[in-house]
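# with the sequence up front, the predicted model follows.
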Amino acid sequence: MKRLLFLIFLLTMHSFMCAVMTTYEVTAVVITTNSIERFPAYMVTDQEPYVNGGLIFTFPTGLFTSPPTISATIETPLHASTITYTAEICTETINFAEIMVYENNSGVLSEAGTGTVTVHFTATGT
C-alpha cells in the first residue's frame with residue numbers, strides 16, 4: 001500500500017511540475033587565468049501555446065539580479081513548406097521576458113495566430 005501511495009504522489013507531482021514554470025539551481029563556473037570561481041545561478045523553463053499579442057514569462061520574485069540569458073524555440077504542428085515561424089524576444093528584464101512569434105507565409109509576414117505554435121522558453125542567469 002505504501003508503494004502505491006508513493007507512486008501516486010510521484011505521478012501527481014509530475015503533472016503539477018508540467019503545469020508551471022520549473023526552476024533549477026545550477027552552479028556557474030568562471031575560469032580565468034589565475035582562478036576558478038563557482039557561484040549559484042538559476043535556470044527556469046516553461047512552455048506555453050502562443051497567444052496573439054505575445055507571451056509574457058514572469059520569473060519567480062528575486063531570482064535574478066541581472067537580466068538572464070533567454071532562449072526560445074518554437075514547436076510547430078505539420079504545416080506547409082511555404083510557412084516559417086520566428087520567435088523574437090521583445091523585452092527582457094530581471095522580472096519577466098516577452099516573446100512574439102511571427103509567421104512568414106510565402107513572403108507575407110504577420111504575427112502567428114493563437115494556438116498555432118508552442119513556445120519553449122529557458123532563462124539562465126544569476
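Right, received. Where do you want to start? Numbering: from 1, shown residues only.
# lowest-confidence helix or strand of this structure?
Across the helices and strands of the chain, mean pLDDT, DSSP states H and E gives its lowest value to helix 2-18, namely a mean of 39.
# what packs against the very next helix or strand once past that one?
Following helix 2-18 in sequence order, the next helix or strand is strand 22-31 (DSSP states H and E). Contacting strand 22-31 under the criterion 3 or more C-beta pairs under 8 Å, 6 or more residues apart in numbering; DSSP states H and E are the following elements: strand 36-49. Every C-beta, even on glycine, is put in place using the N, C-alpha and C of the backbone.
# just checking: what are the partner strands of the helix or strand following the strand it packs on?
Beyond strand 36-49 in the direction of the C-terminus, DSSP H and E gives the next helix or strand as strand 55-58. Using DSSP bridges, the strands paired with strand 55-58 are strand 96-105 (antiparallel).
# pull out the buried positions in the partner strand.
Neighbour-count burial for strand 96-105 flags 97-101, 103 (criterion: 16 or more other C-beta atoms under 10 Å).
# between those residues, which sits nearest L55?
Within the set of the buried residues of strand 96-105, I99 lies nearest L55; the separation is 4.9 Å, counting by C-beta to C-beta.
# hmm, who's touching stretch 82-97?
Taking contacts as C-beta atoms under 8 Å, 6 or more residues apart in numbering, the residues outside stretch 82-97 that touch it are 54, 56-59, 61, 63-68, 70, 72-74, 76, 98-106, 112, 116-117, 119, 121, 123.
# buried subset of those residues?
Of all the contacts of stretch 82-97 considered here, the ones buried according to neighbour count by 16+ other C-beta under 10 Å are 57, 59, 63-64, 68, 70, 72, 74, 98-101, 103, 112, 116-117, 119, 121, 123.
# flag the shaky bits of this structure, pLDDT-wise.
Scanning the chain for pLDDT under 70 picks out the ranges 1-19.
# what do you get if the cut-off is 80, keeping everything else the same?
In the prediction, the chain carries residues with pLDDT under 80 at positions 1-20.
# from A97, how far off is the most centrally placed residue in the chain?
In the chain, the centroid-proximal residue (C-alpha atoms, centre = their mean) is F121; its distance is 1.6 Å. Distance, F121 to A97, by C-beta to C-beta, to the nearest Å: 7 Å.
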